[in-house]
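*Asks:* fold the following for me, if possible:
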Amino acid sequence: MSFIKNVIRLSTGASLGQILIIASTPLLARLYDPEEFGALALFSSAYAICIVLFTLKYDLAIILPKNKAIAKQITALILRLSVLMLFVSLIVVVIYVATSSIKDTWFYLLLPIALFSGAMYTTAQQWQARTNDYTQYAKSQLLVSSLNISVSLILGYLATNLFGELVIGYSFGLLVGTIYLLLASKKFIPSLGGLLAVNKSLLLETGRKFNRFPKVILPTVLIAMIGMNLTPFLLKSYFSIEDVGHYGVAYRMLLAPSAFIGAAITEAFRAEFVRIQNKGLNTKSVFVKTLVRLIFFAVPVFILIYLLAPFVIEWLLGNGYEYSGVLVQTLCLGVFASFIAQTFFYVFIATDNEKTGFIGQIFVSLIPLIGLLIGGLMDDIILSMWLFSIFTLLASIFIVSFAFRVRRRYDFVHNHLEECLEA
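*Replies:* Residues are numbered from 1 along each chain as shown. You can find the predicted model right below:
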């Protein structure tokens, strides 16, 4: 399947799912107040940060080995790790909820289940990438969004007054979507019995063989997730959960273009980059073309969002959410820059420059938070968001340029080496 076809297939599932989320937001905003969206923002951010610990990023190794048996061993290792982390996280969350002085934190009890589901989901996703067939993955994205929205709407109309209903919808959609993707992909994903049959010594050997993933890639991804998802928690420390809710709604409205342009091309870029690299060809073309495609589609979309956001969001969501439209404007620049930069982080992995990527990830993840903290200390959430976006743009320009240089050096060394061997 070609690069363009993969992009279309991935973008269809992702964009349709996010379009459903955007389309449902006016209904949800009339059923839930900003505090509910604040709880969802905190929960989803906690999920995004913690999910990488469940697999220790061994999931990224599934696509690499040519031998399917080795990929099966990696999958078995991920399953054992995820089960262990499920019990550990459950203990931690129960203790937190039982001892917390903050009212209405019960919904965090759903976090361990969501995390285990997410670990299995990303594992199945990597098997789809391994077989270069994203059909079921695209369908699962649409299913996750549909169930998330449906459950949230039903709970809202029932008016149960149970704080955290949006979190229930989020978790339920992820759980059922994971089950669907695993069942739909069973033709190439090893069976549960086969995974459990892999002996411990072989699992340990597999873990050591691919130990660069937990040693180097895990810290890199973890810092990236912290940088991208720590914002709701920092906002909560300086402002109210209502402000966090307005931020959550604003970010939610920006998800559609991000998913449509960024996430789909990222997945296809990874597969295409590795394919070209394995053939010993120059990777400049795929790098530049991907960057141009991202910018070409993203710039007009985000300009339009910036101009229309305050009026459209107030009209769609009602007078209680006009502040969310203002925050959309402040976040546009940062979100635009962030998803472009994230596309090219895989270059560091593919070129065996994980440590360099780790340092770059620290820079691009933590620098924007400085802007957010400055605004927080000045008790100005608008200033905080603008500084966050500006610092994100500067850091993203740096990391994309750095990734291009790393790719160029790798191509020169390996192509030159092959020429010498042939001579």
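*Asks:* where does the stretch 251-400 of the chain dip in pLDDT?
*Replies:* The stretch 251-400 of the chain contains residues with pLDDT under 70 at 255-265, 267.
*Asks:* all helices for it, in order.
*Replies:* 255-257, 264-278, 284-317, 322-343, 346-350, 354-377, 381-422 (DSSP state H, counting those that start in this stretch).
*Asks:* show me what the longest one is packed up against.
*Replies:* The one in question is helix 381-422. helix 231-238, helix 241-253, helix 284-317, helix 322-343, helix 346-350, helix 354-377 (3 or more CB pairs under 8 Å, 6 or more residues apart in numbering; DSSP states H and E). Glycine gets a C-beta too; all of them are placed from N, C-alpha and C.
*Asks:* may I see the ones you listed arranged in TSV, with distance to residue 66 as well?
*Replies:* Below are the helices and strands packed on helix 381-422 laid out as TSV (distance: least, CB to CB, whole Å):
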stretch	distance to residue 66
helix 231-238	40
helix 241-253	40
helix 284-317	21
helix 322-343	25
helix 346-350	16
helix 354-377	21
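*Asks:* tell me the pLDDT of residue 10.
*Replies:* At residue 10, the pLDDT value in this model is 56.
*Asks:* what sits up against stretch 184-197?
*Replies:* 72, 75-76, 79, 123-124, 127-128, 130-131, 136, 139-140, 182 (CB atoms under 8 Å, 6 or more residues apart in numbering).
*Asks:* out of the residues you listed, show me where the pLDDT dips lowest.
*Replies:* Lowest confidence among the contacts of stretch 184-197: residue 131, with 76.
*Asks:* residues in contact with that residue?
*Replies:* Counting by CB under 8 Å, 6+ apart, residue 131 has contacts residue 188.
*Asks:* quick one, what contacts the spatially most central residue of the chain?
*Replies:* The chain has residue 48 as the residue nearest its centroid, 6.7 Å off, counting by CA atoms, centre = their mean. Going by CB under 8 Å, 6+ apart, residue 48 touches 225, 228, 229.
*Asks:* and if you look at residue 170?
*Replies:* 40, 43, 44, 114, 148, 152.
*Asks:* now the element after the strand or helix carrying it, going C-ward?
*Replies:* If you go by DSSP states H and E, residue 170 is part of helix 165-184. Note on helix 165-184: by DSSP H and E, the next helix or strand toward the C-terminus is helix 192-196.
*Asks:* and after that following helix, which helix or strand comes next?
*Replies:* helix 200-209.
*Asks:* can you list contacts of that next one?
*Replies:* Contacts for helix 200-209 (CB under 8 Å, 6+ apart): 58, 70, 73, 74, 76, 77, 80, 214.
*Asks:* out of the helices of the stretch 251-400 of the chain, nearest to residue 246?
*Replies:* helix 322-343 (4.6 Å; CB to CB).
*Asks:* any idea how far residue 389 is from residue 338?
*Replies:* From residue 389 across to residue 338, the span is 9 Å (CB to CB, to the nearest Å).
*Asks:* where in the stretch 1-150 of the chain is pLDDT low?
*Replies:* Using pLDDT under 70, the flagged stretches of the stretch 1-150 of the chain are 1-15, 17-18.
*Asks:* for it, what spans make up the strands?
*Replies:* Using DSSP state E, counting those that start in this stretch, the stretch 1-150 of the chain contains no strands.
*Asks:* thinking again about what came up before, which of the contacts of stretch 184-197 sit farthest apart?
*Replies:* Counting by CB to CB, the most remote pair of these is 76 and 139, 25.8 Å apart.
*Asks:* who has more neighbours out of these two?
*Replies:* Using other CB atoms under 10 Å, the more surrounded residue of residue 76 and residue 139 is residue 76, with 22 against 19.
*Asks:* want to throw the helices and strands packed on helix 381-422 into TSV with mean neighbour count and distance to residue 93?
*Replies:* Formatted as TSV, the entries for the helices and strands packed on helix 381-422 read as follows, by neighbours: other CB atoms under 10 Å; distance: least, CB to CB, whole Å:
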stretch	mean neighbour count	distance to residue 93
helix 231-238	19	16
helix 241-253	24	19
helix 284-317	16	31
helix 322-343	23	28
helix 346-350	23	31
helix 354-377	19	25
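*Asks:* out of these, which comes closest to residue 198?
*Replies:* helix 346-350 (24.9 Å).
*Asks:* who are the packing partners of that closest one?
*Replies:* helix 264-278, helix 354-377, helix 381-422.
*Asks:* so which of those helices comes closest to residue 239?
*Replies:* So among the helices and strands packed on helix 346-350, helix 381-422 is nearest, using CB to CB, at 5.6 Å.
*Asks:* now that closest one against helix 354-377, angle please.
*Replies:* 170 degrees (axes from the mean of the first three to the mean of the last three CA atoms, to 10 degrees).
*Asks:* wouldn't residue 295 be in contact with residue 340 here?
*Replies:* Yes. Residue 295 is within contact range of residue 340, at 7.2 Å (criterion: CB atoms under 8 Å).
*Asks:* can you tell me which of the contacts of residue 48 is closest to residue 108?
*Replies:* When the contacts of residue 48 are compared against residue 108 (criterion: CB to CB), the nearest one is residue 229, at 15.0 Å.
*Asks:* tell me the pLDDT at the closest one?
*Replies:* Per-residue pLDDT puts residue 229 at 84.
*Asks:* what ranges does the stretch 51-200 of the chain have for its helices?
*Replies:* Under DSSP H, counting those that start in this stretch, the stretch 51-200 of the chain gives helices at 68-99, 111-130, 135-158, 165-184, 192-196, 200-209.
*Asks:* distance to residue 365 added to those helices, as JSON lines?
*Replies:* Output for these, formatted as JSON lines (distance: least, CB to CB, whole Å):
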{"stretch": "helix 68-99", "distance to residue 365": "22"}
{"stretch": "helix 111-130", "distance to residue 365": "20"}
{"stretch": "helix 135-158", "distance to residue 365": "25"}
{"stretch": "helix 165-184", "distance to residue 365": "24"}
{"stretch": "helix 192-196", "distance to residue 365": "33"}
{"stretch": "helix 200-209", "distance to residue 365": "26"}
